[in-house]
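Colleague: Turn this into a model:
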Amino acid sequence: MDTDGHRCGTAFPNREPRPAGTLMALLLSALLAAAACGGGSTARDTGDDVLDAEAVEETLGDEGTDADADADDDADGGADADADAGDAEAEAEVYCGPDPDRIYDDVRELASAAYEGRLPDSPGGERALDWAEARLESLGLDPSGDGGGFRQGFAYDQWGLTAPPALDLGDGPLALATDFAVFQYSGAGDVTEEIVFAGYGMTVPPFDPATYPRCPFPAAGYDDFAGIDVTGKIVLLLRHGPGDDSTVPDECPASAACGAAPCLWNFGYKAANARLHGAAAMLLVQHYAEAPAVPEGVTLDESYYDAGFPALVVDRTVMEAAVPDLPTWVGNIDAAMQPDTHATGVTATVSVGAEIRSASTANLVAVVPGTDPTLSSETVVIGSHIDHLGIDPLLGEIMPGADDNASGTATTLELARSVVECGVAPARTLVFMLFNAEEAGLIGSCYYVENPAYPIGDVAAMFSLDMVGAGDGTGLILYGATESRLRWLADLMEGASAEAGLTYEVQRADPWDVSDHACFYYAGAPAVFAFTAGAHDGYHTPEDGIGHIRVDDLQVAAELMWATLLPLAMGTEDGYTAKSAPLFADPAAPRPDLDRERRVIR
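Modeller: Numbers count the residues shown, from 1 in each chain. Okay, the predicted model is just below:
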């Protein structure tokens, strides 16, 4: 190791022997290593060690000339050439790039008690920004935030509980977190009233089948609130919809309670529709296609916030103990695709204290400028969210957020360090971002998209690294890479990593707009969400600490991203891809609204 812990003189730990056709990759590795490990200086110190595309091409050309000269050597000269070739091969195996042990140390730091769960606009959240900002400055990256600094400030409304919530279904108080939980963006209130079962809480108004040919309901529509009065009552609803038919939210019209389609399965829509029909509170249980336990991380979304409407999610088994007919009623709805609502005769007490306050925080934006006269206007964005959930206001426990998302933050910082210390002079401009307020609804990343340091239309590729510290060590999942315009990103990762001798799996998954790539994606940029394959235990609990982090998963994410970043940086990705759509969004083309409702998990 050198003096600051960077690994020199080691090959990729999971690298297979390279085939003969990977000379460019070998030279690239050797040149990168020479910049970081050769003379003790980095590319930010001197221009002599900088790697660029021309240097690689010149080296390849020189090798051809040297080979011709070697052919004329005598026997002793041939022996010397063989020895030189052996030395060159050994040097080519020198590895310069991310160090998973260093990433692990950074995860441990960010997940420590000193940062108190990194809630935005909290002392711990500010300390996390200070720590990361100092790291970026020490690397010598160019700041691209407000006023020539790294920070891009913004304010947003932050929801939080003000008192311990309570739920009683008639047999005494239930246990928070195991028996029930409060929806993020629930309103406040104390309600003691009868529970009324209103099915899935959906209202599909009458429609023209020619306009909605795939909607499975009759033209007269579907209304779970028809024929029953829920005024002032506590409504009991189920997640999803009748028969768990996923065409319903995508292919059917919605009532006035809908903020933005598709919405019929969204938690926020269900709460708003219940409120629209006069209900005083909502209890929601998991649908019968899933286990009965309380789902994690549930939110109504800020756009559906109603200050006076409490909304809870309840373990279905607990609810069935109080309302034994629930399975029968749900079965009737699913079988007939028609409402079957009932007064339950059960009186419940709901108590929630919650509020929204204004919070101020910042993203961090750091840049390695591009060097190519043409490609430097294009950007490659590597981002992750630095925030987490802070301290649980009810239990007083720190939510460390080691996997979510100290792991992505530390990996992003290590990729930035590798670019600098390995002497990469990118053709394109590299933008390394640490987003804030992701847990509140992707606030920071969407703010950046609306107020970018570089035009979003010039983004060549964007990766959001989110929860890359746990799993099974086999590879990365790229959410969004099944789309025709984004498949090339997975092709690139597969091809570049294979050429580097890596054997990890790159899994392609459908788009999932729950990470910081989402607003880039909706603005038309090629953007995907990278997530390590395998189980991620402890999500959004105090258990998400350093004990759940696996160095091999950090290594998977870092090495796959490093292999992918290099050709993107140098503008050589076409050698690995067959793009089926334009690389860049057309600036003149209409783009989807940056509508946060589309990002709600349903």
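Colleague: which stretches of the stretch 101-250 of the chain form strands?
Modeller: Shown for the stretch 101-250 of the chain, the strands assigned by DSSP state E, counting those that start in this stretch span residues 142-143, 151-168, 180-182, 189-197, 203-204, 222-223, 234-238.
Colleague: nearest to residue 496, of the ones you listed?
Modeller: Proximity to residue 496 (C-beta to C-beta) singles out strand 142-143 among the strands of the stretch 101-250 of the chain, at 25.6 Å. C-betas here are computed from N, CA, C, even on glycine.
Colleague: Show residues contacting the closest one.
Modeller: With contact meaning C-beta atoms under 8 Å, 6 or more residues apart in numbering, strand 142-143 is reached by 136, 137, 149, 150, 365, 366, 367, 368, 369.
Colleague: Show the buried residues in these.
Modeller: Among those, the ones that count as buried by 16 or more other C-beta atoms under 10 Å are 136, 150, 365, 366, 367, 368.
Colleague: which two in the residues you listed are spaced the farthest apart?
Modeller: Taking every pair in the buried ones among the contacts of strand 142-143 and measuring C-beta to C-beta, the maximum separation is 13.3 Å, between 150 and 368.
Colleague: Where does the prediction get shaky in this structure?
Modeller: The chain contains residues with pLDDT under 70 at 1-93, 578-602.
Colleague: how about a cut-off of 80?
Modeller: Judged by pLDDT under 80, the chain has its weakly predicted residues at 1-95, 296-297, 393-395, 578-602.
Colleague: Name the single longest strand found in it.
Modeller: strand 342-368 (DSSP state E).
Colleague: Report the next helix or strand after that one in sequence order.
Modeller: Remark: after strand 342-368, the chain's next helix or strand is strand 379-385, criterion DSSP states H and E.
Colleague: other SSEs contacting the helix or strand that that following strand is followed by?
Modeller: Sequence order places helix 407-421 as the next helix or strand after strand 379-385, per DSSP H and E. The contact analysis (3 or more C-beta pairs under 8 Å, 6 or more residues apart in numbering; DSSP states H and E) places helix 407-421 against helix 100-110, helix 123-139, strand 342-368, strand 379-385, strand 429-435, strand 459-465, helix 551-570.
Colleague: Out of these, the one nearest residue 237 is which?
Modeller: Closest of the helices and strands packed on helix 407-421 to residue 237 is strand 342-368, at 12.5 Å (criterion: C-beta to C-beta).
Colleague: Tell me which residue is most central in this protein.
Modeller: residue 515 (3.0 Å; C-alpha atoms, centre = their mean).
Colleague: For stretch 242-256, measure first residue to last.
Modeller: This stretch, stretch 242-256, spans 20 Å end to end (C-alpha to C-alpha, to the nearest Å).
Colleague: Run a quick neighbour tally on residue 472.
Modeller: 13 (other C-beta atoms under 10 Å).
Colleague: so which helix or strand takes in the closest residue to residue 531 other than its chain neighbours?
Modeller: Closest residue to residue 531 apart from its sequence neighbours, by C-beta to C-beta, 6 or more residues apart in numbering: residue 477 at 4.8 Å. Assigning secondary structure by DSSP H and E places residue 477 in strand 475-479.
Colleague: Past that strand, which element shows up next along the chain?
Modeller: Assigned by DSSP H and E, the successor of strand 475-479 is helix 487-499.
Colleague: Starting from that next one, tell me the next helix or strand along the chain.
Modeller: Going down the chain from helix 487-499, the next helix or strand is strand 505-509, by DSSP H and E.
Colleague: Pull out the buried residues from that following strand.
Modeller: 506, 508, 509.
Colleague: ok, now stretch 515-535?
Modeller: Within stretch 515-535, the residues scored as buried using 16+ other C-beta under 10 Å are 515-534.
Colleague: what distance separates the start and the end of stretch 169-186?
Modeller: 19 Å.
Colleague: cool, stretch 220-235 as well?
Modeller: 24 Å.
Colleague: Adjust the sequence numbering to begin at 44 for everything that follows.
Modeller: Shifting the count to begin at 44 puts that one at stretch 263-278.
Colleague: residues in contact with it?
Modeller: For stretch 263-278, the surrounding residues in contact (C-beta under 8 Å, 6+ apart) are 234, 236-250, 280, 285, 295, 316-317, 320-326, 380-382, 384-386, 391, 393.
Colleague: Pull out the buried members of those.
Modeller: Here, 16+ other C-beta under 10 Å leaves 234, 236, 238-247, 250, 280, 285, 295, 316-317, 320, 322-326, 382, 384-385, 391, 393 buried among the contacts of stretch 263-278.
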